[in-house]
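# Give me a model of this one.
(one chain, ligands or ions: 1)
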Amino acid sequence: MELVRHWIDNQHYDGVPERRGEVYNPATGLVRAEVAFASVAEVDAGVASASAAFPGWRDTPVTRRAKIMFEFRDLVDKHMDDLAKLLTAEHGKTLDDARGEVTRGLEVIEFATGMPHLVKGEFSEQVSTGVDTYTIKQPLGVVAGITPFNFPAMVPMWMYPIAVAAGNTFVLKPSEKDPSVAMLAAELLAEAGVPPGVLNVIHGDKVAVDRLLGHPDVKAVSFVGSTPVARHVYSTGTANGKRVQALAGAKNHMIVLPDADMDLAADAAVSAAYGSAGERCMAISVVVAVGDAADKLVPMVEERMAKLSIAPGDEPGAEMGPLITGAHRDKVAGYVDAGVDEGATLVKDGRGFAPQGFEDGFWVGPTLFDNVTTDMSIYRDEIFGPVLSVVRSDSYEAAIKMINDNPWGNGTAVFTNDGGAARKFQNEIEVGMVGINLPIPVPLGFYSFGGWKDSNYGDHDIYGPDGVNFYTRQKVVIARWPEPIHRGVDLGFPTNQ
Ligand code: NAD
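Sure thing, here's the model as predicted:
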């Protein structure tokens, strides 16, 4: 059985792990590998390596760091299919979707190649007689990233390309459920030319995470994952004096107004609800249909669902694959039970579905509920599976209020042909990422990604300009050269004389 090991100093760590976890192929339900679970001492070894690498890496010219990012960009592009295959084997998403995920990571690497421009400071000449003021952006030191299972290539790439290009060294703790793709990417970064210790990968569970949160040499933590763990990471990390960004769970609503292009809305609802089996933090899990929109939309959604190809992700033509684990499949199916018990109308039931020959895999078919109300658990909780709820709303105002009252605020969308209605939405909606006639508003790498409310703890969004700000700190220098004016002792506060 293959063992996925830690990556320290640009090599596989050869210690024998005290604890290990199983990595499944979700389509078959079979164990495909084991993964080492780090002890506190192993986390410390990863952090020590990153600490040792930091001074040399910080002082490596930013142009040289950017050049390595260009190399890395080319290697990731060249190995796109290898990364996608590994991703599909452990996550289950389709190969096309896996390639799309790597491409979105690549965009952030491309952004990081511009680091010489991104860390430029400001300069003001002659702010006082003979005095200039300027700012410089410096790296923080060792920073850590803790990432979820659902984007095992992209989410780590939201973090370390920017952190590393800005001169930090990085310790990544990927999801223990699909750890291999992060390893291949780390090998490619080493091949691109980063010195040992600049990116270390430590595998494991809460033991590893909690040690990173408590380690005195870790200056900042980027986290992406579920809301309860995000809260723990944010409160523990900040209590320990670290800079923390913690992106969390979601319940994304899509409003469909009666004037919308219903074909467009039905296509979007099906794509955004069932893509990657609903295991996306930007998946649409609630359609809020205003007025009589639901009467038209629900049959159109049902018709499209019937044509979806649900199959192992590496099969040609597959559009939706399995869920990540057996436990998660049972949890999702449990929500479908609850929706029925709570009185929602089950239009299409995905429970018990499995493609022929893959009965032991972790499958739930696309599921659709109508007449869902906001007190039901299928509305309140993040299901993170292929379950779409339709809530009927009498008015646009009530639909907007429903979204604003929801504790999460990651992504949302409105479907309408009325520009005024769309403008009202973008103005009033309390959600961080907004789509207009577009269901999954994930910004490109040169913007930043981040939800509001319980979807994001901390002051920084991730990647893009906010990513650069997160991984650097600003220093202001006030300089007087070369002939100081000697004014003698003056205990007054300096002014601009
Ligand atoms: P998760 O919170 O279970 O795990 C995320 C990371 O935290 C993993 O590395 C895991 O090992 C670690 N972890 C798990 N339990 C822990 C604990 N008790 N203490 C310390 N560390 C712990 O999340 P997941 O199931 O891997 O991912 C799915 C979740 O991530 C969903 O809620 C989804 O919405 C969210 N997500 C959010 C975004 C976003 O940008 N907002 C993006 C992707 C995923």
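
# now Asn456: how far from the ligand?
Distance, Asn456 to the ligand, using CB to the nearest ligand atom, to the nearest Å: 6 Å. Where C-beta positions appear, they are placed from N, C-alpha and C, glycine not excepted.

# What strand or helix carries the residue of the stretch 51-200 of the chain found nearest the ligand?
When distances are taken as CB to the nearest ligand atom, the stretch 51-200 of the chain approaches the ligand most closely through Pro148, which lies 3.0 Å from it. Following DSSP states H and E, there is no helix or strand that holds Pro148.

# Quick check: closest non-adjacent residue to it.
Sequence neighbours aside, Gly225 is the residue nearest to Pro148 in space, at 4.3 Å (criterion: CB to CB, 6 or more residues apart in numbering).

# okay, the one you found: pLDDT?
Looking at Gly225, its pLDDT stands at 98.

# Can you give me every residue that contacts the residue of the stretch 251-400 of the chain found nearest the ligand?
Closest approach between the stretch 251-400 of the chain and the ligand, counting by CB to the nearest ligand atom: Cys281, at 3.2 Å. The contact partners of Cys281, taken as CB atoms under 8 Å, 6 or more residues apart in numbering, are 148, 150, 224, 247, 249-250, 410-411, 455.

# For the stretch 201-350 of the chain, just list every one of the strands.
Counting by DSSP state E, counting those that start in this stretch, one finds strands in the stretch 201-350 of the chain at the ranges 218-224, 243-247, 252-256, 284-290, 345-348.

# circling back to that earlier point, mind pulling up the pLDDT for the residue of the stretch 251-400 of the chain closest to the ligand?
The per-residue pLDDT of Cys281 was computed as 97.

# got it, and Ala239?
According to the predicted model, the pLDDT of Ala239 comes to 98.

# For burial, what's the neighbour tally of it?
Residues contacting Ala239 under the criterion other CB atoms under 10 Å number 11.

# What separation do you get for it and Gly204?
Counting by CB to CB, to the nearest Å, the gap between Ala239 and Gly204 amounts to 22 Å.

# could you give the mean pLDDT of stretch 164-176?
Here stretch 164-176 scores 99 as its mean pLDDT.

# Would you mind measuring the gap between the ends of that stretch?
23 Å (CA to CA, to the nearest Å).

# So that stretch, near the ligand or not?
Yes: in this structure, stretch 164-176 sits against the ligand according to CB under 6 Å from any ligand atom; the contacting residues are 173, 175-176.

# Am I right that Ala41 is in a helix?
Yes: when the secondary structure is assigned by DSSP: H, G, I helix; E, B strand; the rest coil, Ala41 falls within a helix.

# going forward, begin numbering at 33 instead of 1
Sure, I'll start counting at 33 from here, so that last one is Ala73.

# and it, how many neighbours does it have?
Here the number of neighbours of Ala73 (other CB under 10 Å) works out to 10.

# And Ala325, by the same measure?
25.

# Neighbours of Trp89, how many?
Around Trp89 sit 21 other residues, with neighbours defined as other CB under 10 Å.

# does it really touch Leu231, like I thought?
No: contact criterion CB atoms under 8 Å: Trp89 and Leu231 do not qualify, at 10.1 Å.

# Identify the contacts common to these two.
Joint contacts of Trp89 and Leu231 (CB under 8 Å, 6+ apart) are 196, 201.

# May I have the beta-bridge partners of Leu204?
Assessed by DSSP bridges, Leu204 has beta-bridge partners Gly177, Val233.

# Quick one: end-to-end distance for stretch 385-395.
The straight-line separation of the ends of stretch 385-395 (CA to CA) is 6 Å.

# what's that stretch in contact with?
56-62, 124, 342-344, 354-358, 360-361, 396-397.

# what comes up buried for that stretch?
Using 16 or more other CB atoms under 10 Å as the burial criterion, the residues of stretch 385-395 that qualify are 386-387, 390, 393-395.

# So what's the gap between that stretch and the chain middle?
28 Å (CA atoms, centre = their mean, to the nearest Å).

# close to the ligand, is that stretch?
No: using CB under 6 Å from any ligand atom, no contact is recorded between stretch 385-395 and the ligand, whose separation bottoms out at 13.5 Å.

# and that stretch, average pLDDT?
Average pLDDT, stretch 385-395: 98.
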